Every structure is written in structure tokens, then in C-alpha cells.
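# sequence unknown, structure follows:
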Ligand code: 3Y8
Ligand code: NAP
């Protein structure tokens, strides 16, 4: 009996949810509960953490989950790591649906950095106007360079005071488009962009806009993850789900 847990929160997860619903599959969509009103999904949906590896393993057993699809974001390393451990512990077949990293085009002025702290270090000392398009969870390290004006794009209005003195805040949920992002960067006289190498179309707009405006991009590499089966398209996941070999968790 196939029962699928879809760990979501990305454009690809939403596309897969649609495919699973259209195919009449028995599946549950899972959000972390990071945003106030996540996009509704065409599958039964649960919201909130599982309670670490043990909590997820208990959930898999209790709910009779036969397959797990990790379609979370490449930077959701905690969830992805927990899924690898819990699926190994319970013998549950696991596949990741992950979009390829972005690659610079000729003429792009990109600087790849290993993590958030390296992104802060890569910013100039002279005051600049920085489009910080990395959400709200990792803003604090940028307080080390308070001299810049930061344009922040957040999904929900910030509840607490922001850790940066000079900011403009835009509340918006993607997917975004290049023309809008170009106009936004011009309106705020942006000189630098900081982004995560998320891949996918939903967040690429700012890189396309930066290319048009010939602006430098500081691009944070995605965190390394333990080995797992990874595919990049919805049809590959659908094929994996229907292939009997996965019943042995191979
Ligand atoms: C809660 C679900 C869909 C999914 C849409 C994608 C595209 C738009 C681009 C910028 C970059 C950023 C951020 C971003 C994008 C998609 C996708 C993607 C980047 C929602 C969503 C949830 C989240 C969580 C949120 C994080 C934040 C990151 C904003 C829903 C809208 C910056 C990542 O306020 C917070 O605490 C936000 C937290 C994790 C990163 C961070 O560290 O702050 N995503 N984003 C999911 C859950 O609860 O499980 O609310 O509907 C989903 C999407 N965000 O169905 O079409 O697939 O990438 N999300 C990044 O890529 O850098 C915005 O502004 O240009
Ligand atoms: P994370 O740091 O990897 O995970 C932290 C904890 O959040 C996990 O251990 C788990 O809690 C819970 N969690 C994360 N994703 C979950 C899911 N889909 N369903 C249930 N619980 C989940 O995660 P994150 O980077 O904050 O991402 C949170 C959500 O936002 C994910 O759905 C992700 O796909 C989406 N998202 C993230 C980014 C990003 O830049 N990080 C970008 C776009 C979308 P327990 O340990 O209690 O189980």
C-alpha cells in the first residue's frame, strides 16, 4: 500500500503535489509552518515540525508512510538531514526532488561564497545599498556591517525589531519576475545583491535583473548534504514511486 509523505515548501513541491493529486495518490503534504499563510495544496496538509529524527521516524510508523519525497529547499539542510536518518532507521524509501544550482552566464559578476558569514565578509567596507534576498532567518550576521543600506524582502512582516539599522522592507511571496525585480533594484539604487544558490525559477528573477543591470551578486553555496537519491523533475519522482524496486528501499 503506497502512502507518500511530501516534505514541501518549494515551487517543485507544489508541482509534485499537483501531480500526485491528479494521479489520485495517497499522499500528505508537509510544511514547517515558517509562514503565516502558506499556499494551499491539493493534498491533505500537515504544518509544523515532527520533533527531530525520532519524531519523524515515529510519524512514518504511525501514519504507515511507505515513501518519503524530500522536496524541501536546498538550504533546508536540517529537514533533509533528518529525513535521511529517519528513513534509514525505519527502512522507508527516500528520494529528493531538488533543482540544479544556478550557473553564471558569461558577463555575470558573481562571487560564490561558502556561507552567510563569508557573504558578509564579501561586502565592501564603503557604504553600499544591498538587496538582501535571503529571507529573515539569517539576517543577524549582516549586523557586522551596519554601514550599508539593506533592502530586505520577507514573506511576512517582521514581528521583532530587525538586527540592521538602515533597512527598507518589502513584503512579498515569490515566485518573482525579472522585470519587477529590476524595477525594485532601480527604485532602491541597489549596488550589490546577496542571494542563496537556491536554483529553480521561483527565485532566479533577481539574478536575471542583476545581469541586466550589470550588478555584482554575492551567491551563497548550498550546504553539503549526506548522500541520498536525488532527481530534478516531477516525472522522475512519479516514475520512482511506481517502480516496484523502491518497495525494497533501493
Ligand atoms: C514556508 C510557503 C510555491 C513555493 C514558493 C522556491 C520559490 C517562492 C523564492 C527572494 C528570495 C527565500 C525564502 C524564497 C523563495 C519560492 C517558494 C521560495 C526566497 C515559501 C513558503 C515558506 C517559505 C519559507 C521561507 C524562508 C525563507 C525562504 C523567503 C508559503 C513562500 C529567501 C529563500 O519569514 C521566514 O521565516 C521565511 C523563511 C525559509 C528563507 C529564510 O531563511 O528566511 N523561504 N517560503 C514553508 C514551510 O513552512 O514549510 O508560505 O507558501 C515558499 C517559497 N519560497 O509553492 O510556489 O521554490 O524557491 N523563500 C531563498 O531561496 O533564498 C525568497 O526574495 O528573492
Ligand atoms: P530547516 O532549517 O532545514 O529545518 C528546521 C526544522 O524545521 C526541521 O528540523 C523540522 O523540524 C522543520 N521543518 C523544515 N521543513 C519542514 C517541512 N517541510 N515539514 C515539516 N517540518 C519541517 O528548514 P528551513 O530552511 O527553515 O525551511 C523551512 C521550510 O521553508 C521548508 O519547507 C523549506 O522547504 C522552505 N523553504 C526554505 C528555504 C530556505 O532558504 N531555507 C527557501 C524556500 C523554502 P523538526 O526537527 O521538529 O521535524
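The structure has been received and is ready for your questions. Since the structure is predicted, the reported quantities are computational estimates derived from the model, not experimental observations. Numbering: from 1, shown residues only. Ligands and ions are numbered 1, 2, ... in the order given.
# tell me who's in contact with residue 173.
35, 39, 155 (CB atoms under 8 Å, 6 or more residues apart in numbering). For the C-beta atoms, the positions are set from N, CA and C on the backbone; glycine is no exception.
# now with 7 Å?
Residue 173 makes contacts with residue 155, as judged by CB atoms under 7 Å, 6 or more residues apart in numbering.
# got it, and residue 11?
175, 200-202.
# what about the closest residue to ligand 1 within the chain, distance to residue 16?
Nearest to ligand 1, among the residues of the chain, is residue 135, at 2.1 Å (CB to the nearest ligand atom). According to CB to CB, to the nearest Å, residue 135 and residue 16 sit 22 Å apart.
# comparing those two, which residue is more hemmed in?
residue 16 (27 against 16; other CB atoms under 10 Å).
# rewinding a little: list buried residues within the contacts of residue 11.
200, 202 (16 or more other CB atoms under 10 Å).
# pull the most distant pair out of the contacts of residue 11.
Distance extremes for the contacts of residue 11: the farthest pair is 175 and 200 at 8.5 Å, using CB to CB.
# ok, residue 107 - contacts?
Contacts of residue 107 by CB under 7 Å, 6+ apart: none found.
# what bits of this protein have low per-residue confidence?
Along the chain, the parts satisfying pLDDT under 70 run over 244-250.
# and with 50 instead?
Within the chain, the set of residues satisfying pLDDT under 50 comprises 249-250.
# nearest residue to residue 54 other than its sequence neighbours?
residue 86 (7.9 Å; CB to CB, 6 or more residues apart in numbering).
# which members of the contacts of residue 11 additionally contact ligand 1?
175, 200, 202 (CB under 6 Å from any ligand atom).
# three-state assignment of the last one?
Here residue 202 is coil, with the state taken from DSSP: H, G, I helix; E, B strand; the rest coil.
# what do you get for residue 25?
coil.
# quick one: it from ligand 2, how far?
18 Å (CB to the nearest ligand atom, to the nearest Å).
# wait, that residue touches residue 3, no?
No - contact criterion CB atoms under 7 Å: residue 25 and residue 3 do not qualify, at 8.7 Å.
# can you list contacts of the helix ranked longest in the chain?
As assigned by DSSP state H, the longest helix anywhere in the chain is helix 77-90. For helix 77-90, the external contacting residues (CB under 7 Å, 6+ apart) are 7, 52-53, 56-57, 60-61, 68, 70, 72, 94, 96, 223, 225-226, 228.
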